[in-house]
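J.: need the 3D shape of this:
(one chain, ligands or ions: 2)
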Amino acid sequence: MRPEDILVPTPAGLCCKLGSFHIDPTRPVERALITHGHSDHARAGHGAVLATRETLDLMRLRYGENFAGSTQIASYGESMSLGGVEVTFHPAGHVLGSAQIAVEANGLRVVASGDYKNVPDPTCTPFELVPCDVFITEATFALPVFRHGDPVAEIAKLLRSVAVFPERAHLVGAYSLGKAQRVIALLRKAGYTAPIYLHGAMEKITEYYESRGIALGDLRPVRGASKQSLAGTITLCPPSALNDLWTRRFPDPVTAFASGWMRVRARARQQGIVLPLVISDHADWDGLTSTIAATGAGEIWVTHGQEDALVHWCATHGLQGRPLDIVGYGDEDETDAQDIDGREAGGTDA
Ligand SMILES: [Zn+2]
Ligand SMILES: [Zn+2]
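T.: Ligands and ions are numbered 1, 2, ... in the order given. Next up, the predicted model:
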């Protein structure tokens with residue numbers, strides 16, 4: 001049996017013919033297995049959807065009750081037979097409910113990791129290393145220049161700025177699903193107990209995180225707060241809101257953006273970001289290469305982002321690398337796709 005008999009890239013996404021399903025399909029399919037709730041991976045309109053409870057809940061929040069014909073919950077570590085294959089979901093450490101999906105037949109295991117990171121995150125279950133024969137990896141930050149560093153130091157930078165400018169508001173652009181809640185959790189871990197304000201687009205999803213037992217402290221809607229009362233405070237908003245008339249309600253705002261892309265200074269400057277915070281929910285170069293090596297896989301399939309550098313790295317390390325060229329996945333910080341309440345927050349899936 002060859003790996004392609006288990007999973008094969010098609011225009012609709014990775015397809016398992018033996019099990020009659022697709023993983024993170026970019027077009028409507030009969031049966032979809034979904035790695036996580038970001039809108040480029042989790043789309044509405046499939047027949048049956050198998051995903052973790054959190055991913056299904058997040059899809060329901062985003063798309064409404066009828067986002068799929070039927071749904072089934074997959075628990076981490078629990079194997080199930082689908083047609084001729086065994087399928088198991090494992091934590092991916094990317095956002096709440098995110099999973100890698102292992103597909104196995106005849107002793108050959110292929111792992112589709114979705115998006116992942118192998119660093120601690122107080123808002124989701126840690127990444128689990130799954131030994132496999134073929135590892136399918138993302139490549140969002142697959143260039144040696146991308147080294148994310150310590151998010152705790154980035155949060156300290158934000159808190160220093162808040163202390164230095166007590167008369168100004170701090171606006172932190174952060175993707176609504178995952179990044180925003182992680183930034184809040186990191187602020188709380190750093191001992192920041194003041195109220196944190198939320199853009200309307202983040203309220204529902206942040207409430208959902210809290211309902212799953214993630215304590216985020218005193219959170220308030222920015223809606224209705226007076227300009228003066230926002231002096232010296234921190235507000236989380238979707239990145240696109242940073243360049244919006246919406247910012248006029250804040251006193252002399254300092255704009256920050258929490259993203260792996262903030263490693264590139266020119267990019268921060270171009271977007272008018274005064275306070276770039278290098279905090280990413282994707283593995284950086286070291287994270288990608290160390291994870292690939294640790295899986296023991298001899299064959300590495302590479303999807304979304306900077307495929308070339310990672311495929312080249314594989315070749316120089318005795319591994320067979322292969323770009324997948326599936327169109328339809330993007331980086332959430334880049335695309336800032338859809339607000340959880342269904343309004344476009346600027347930009348679309350790309
Ligand atoms: Zn993602
Ligand atoms: Zn992705």
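J.: the stretch 251-350 of the chain: strands as residue ranges?
T.: Secondary structure of the stretch 251-350 of the chain (DSSP state E, counting those that start in this stretch): strands located at 254-258, 275-277, 299-305, 320-323.
J.: the third one pairs with which strands, and in what direction?
T.: Meaning strand 299-305. Sheet pairing of strand 299-305 (DSSP bridges) gives strand 134-139 (parallel), strand 320-323 (parallel).
J.: cool, and the first one?
T.: Sheet pairing here is set by DSSP bridges, and for strand 254-258 it gives strand 170-173 (parallel), strand 275-277 (parallel).
J.: got the CA positions of the first one in CSV?
T.: Which is strand 170-173. Taking Å, rounded to 0.1, in the frame of the first residue of the first chain, the C-alpha atoms of strand 170-173 are listed here in CSV:
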residue,chain,number,x,y,z
HIS,A,170,-4.1,50.5,23.6
LEU,A,171,-5.7,48.7,20.7
VAL,A,172,-4.5,45.2,20.1
GLY,A,173,-5.4,43.7,16.7
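J.: show me what that strand is in contact with.
T.: With Cβ atoms under 8 Å, 6 or more residues apart in numbering as the test, strand 170-173 has contacts from 158, 161-162, 183, 233-242, 247, 250, 253-259, 273, 275, 277. (Glycine included, C-beta is placed from N, CA and C.)
J.: to ligand 1, which of the strands paired with strand 299-305 lies closest?
T.: Ligand 1 sits nearest to strand 134-139 of all those, at 8.1 Å, using Cβ to the ion.
J.: so what touches the closest one?
T.: Applying Cβ under 8 Å, 6+ apart, the set of residues contacting strand 134-139 is 3, 6-7, 14, 108-116, 282-283, 288, 291-292, 295, 297-307, 309-310, 324, 329.
J.: could you pull out the buried residues of that strand?
T.: Buried positions in strand 134-139, judged by neighbour count with 16 or more other Cβ atoms under 10 Å: 134, 135, 136, 137, 138, 139.
J.: tally of neighbours for the residue in the stretch 251-350 of the chain that ligand 2 sits nearest to?
T.: Across the stretch 251-350 of the chain, the shortest distance to ligand 2 (Cβ to the ion) belongs to residue 329, at 4.8 Å. Residue 329: 22 surrounding residues under other Cβ atoms under 10 Å.
J.: quick check, it in contact with residue 26.
T.: Yes. If you go by Cβ atoms under 8 Å, residue 329 and residue 26 touch, sitting 7.4 Å apart.
J.: turn the strands paired with strand 299-305 into CSV, including distance to residue 19.
T.: CSV is the format used below for the strands paired with strand 299-305 (distance: least, Cβ to Cβ, whole Å):
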stretch, distance to residue 19
strand 134-139, 15
strand 320-323, 21
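J.: and these as JSON lines, adding mean pLDDT and distance to residue 189?
T.: Putting the strands paired with strand 299-305 into JSON lines (pLDDT from 0 to 100; distance: least, Cβ to Cβ, whole Å) gives the following:
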{"stretch": "strand 134-139", "mean pLDDT": "97", "distance to residue 189": "26"}
{"stretch": "strand 320-323", "mean pLDDT": "96", "distance to residue 189": "37"}
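J.: next, the buried residues of the longest helix along the chain.
T.: Longest helix in the chain, counting residues (DSSP state H): helix 151-164. When burial is assessed from 16+ other Cβ under 10 Å, helix 151-164 yields the following buried residues: 151, 154, 155, 158, 161, 162.
J.: what's around residue 303, how many residues?
T.: Neighbour count for residue 303, taken as other Cβ under 10 Å: 25.
J.: okay, now the unreliable bits of the stretch 201-350 of the chain?
T.: 333-350 (pLDDT under 70).
J.: setting the sequence-adjacent residues aside, check what's closest to residue 320.
T.: Excluding its sequence neighbours, the residue lying closest to residue 320 (Cβ to Cβ, 6 or more residues apart in numbering) is residue 299, at 4.6 Å.
J.: who are the contact partners of the one you found?
T.: By Cβ under 8 Å, 6+ apart, the contact set of residue 299 is 3, 133, 134, 135, 319, 320, 321, 322.
J.: can you list the strands of the stretch 251-350 of the chain in TSV and add distance to ligand 1?
T.: Converted to TSV, those look like this (distance: least, Cβ to the ion, whole Å):
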stretch	distance to ligand 1
strand 254-258	15
strand 275-277	18
strand 299-305	9
strand 320-323	19
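J.: any chance of JSON lines for these, columns distance to residue 219?
T.: Below are these laid out as JSON lines (distance: least, Cβ to Cβ, whole Å):
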{"stretch": "strand 254-258", "distance to residue 219": "17"}
{"stretch": "strand 275-277", "distance to residue 219": "19"}
{"stretch": "strand 299-305", "distance to residue 219": "32"}
{"stretch": "strand 320-323", "distance to residue 219": "41"}
